[in-house]
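Q: next come a sequence and a model predicted from it.
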Amino acid sequence: MTDPTVIAWDDDFSTGVKKIDDQHKLLLAMINRVLTLNMDSAGSASKTAKIVAVLDELNRYANYHFRTEEFLMRQHLEPGETTAQHVTAHSAYWTAITAFEKQLQQGEGSGVINELAAFLKEWWVNHILVVDRQTGKALNQAGIH
């Protein structure tokens, strides 16, 4: 039986750009680690430390991923509202992550971890299915696969 809280990759997530899809698969695997750790019944401090470590790894890779997408957009797409909104979405992600990290540093408990896990799942799924797929279609039309 599969766990309903983790994100299973399927073709609905595909952007049609292999490099982006491969990166999304790694990002979703990291988010699944956060979701799985959040379900762990281990002590709060131990669970928080493990989640912070995965979040650090996720943040580094998300930064790399966002730079990859933004580079592809600059190289192959005309600047416009769609590309600007995509970059704005990336900035909004960092604003939210920074707020979560501040709460975690201040020792706020499992409620923050639950909110963080829910945010990561919802943000990434929605971002990939809507924003990234739209960008993927535009990149495909520009000959990028």
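A: Arrived safely. Note that the structure is predicted; figures quoted are calculated from it, not measured.
Q: excluding chain neighbours, what is closest to the residue nearest to the spatial centre of the chain?
A: The residue lying closest to the centre of the chain (C-alpha atoms, centre = their mean) is Trp124, at 4.1 Å. Nearest residue to Trp124, sequence neighbours excluded (C-beta to C-beta, 6 or more residues apart in numbering): Ile31, at 5.8 Å. The C-beta positions use only the backbone N, C-alpha and C, and glycine is treated the same way.
Q: tell me the contacts of the one you found?
A: Neighbouring residues of Ile31 by C-beta atoms under 8 Å, 6 or more residues apart in numbering: 7, 58, 120-121, 124.
Q: retrieve the pLDDT associated with it.
A: With respect to pLDDT, Ile31 scores 97.
Q: can you give me the helices in the chain?
A: 18-39, 44-76, 81-105, 110-126, 133-141 (DSSP state H).
Q: so which of the ones you listed gets nearest Asp11?
A: Ranking the helices of the chain by proximity to Asp11 (C-beta to C-beta) places helix 18-39 first, at 9.9 Å.
Q: please save the CA atoms from stretch 123-142 in CSV.
A: The C-alpha trace of stretch 123-142 is given here as CSV (Å, rounded to 0.1, in the frame of the first residue of the first chain):
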residue,chain,number,x,y,z
TRP,A,123,3.8,24.6,-3.2
TRP,A,124,5.9,22.2,-5.3
VAL,A,125,3.0,20.1,-6.6
ASN,A,126,1.1,23.3,-7.7
HIS,A,127,4.2,25.0,-9.0
ILE,A,128,5.2,22.0,-11.1
LEU,A,129,1.7,21.2,-12.4
VAL,A,130,0.9,24.8,-13.3
VAL,A,131,3.9,27.2,-13.6
ASP,A,132,6.6,24.7,-14.7
ARG,A,133,4.4,22.9,-17.1
GLN,A,134,3.5,26.2,-18.8
THR,A,135,7.2,27.1,-19.0
GLY,A,136,8.0,23.6,-20.3
LYS,A,137,5.4,24.0,-23.1
ALA,A,138,7.0,27.3,-24.1
LEU,A,139,10.5,25.8,-24.0
ASN,A,140,9.3,22.8,-26.1
GLN,A,141,8.0,25.3,-28.7
ALA,A,142,11.4,26.9,-28.7
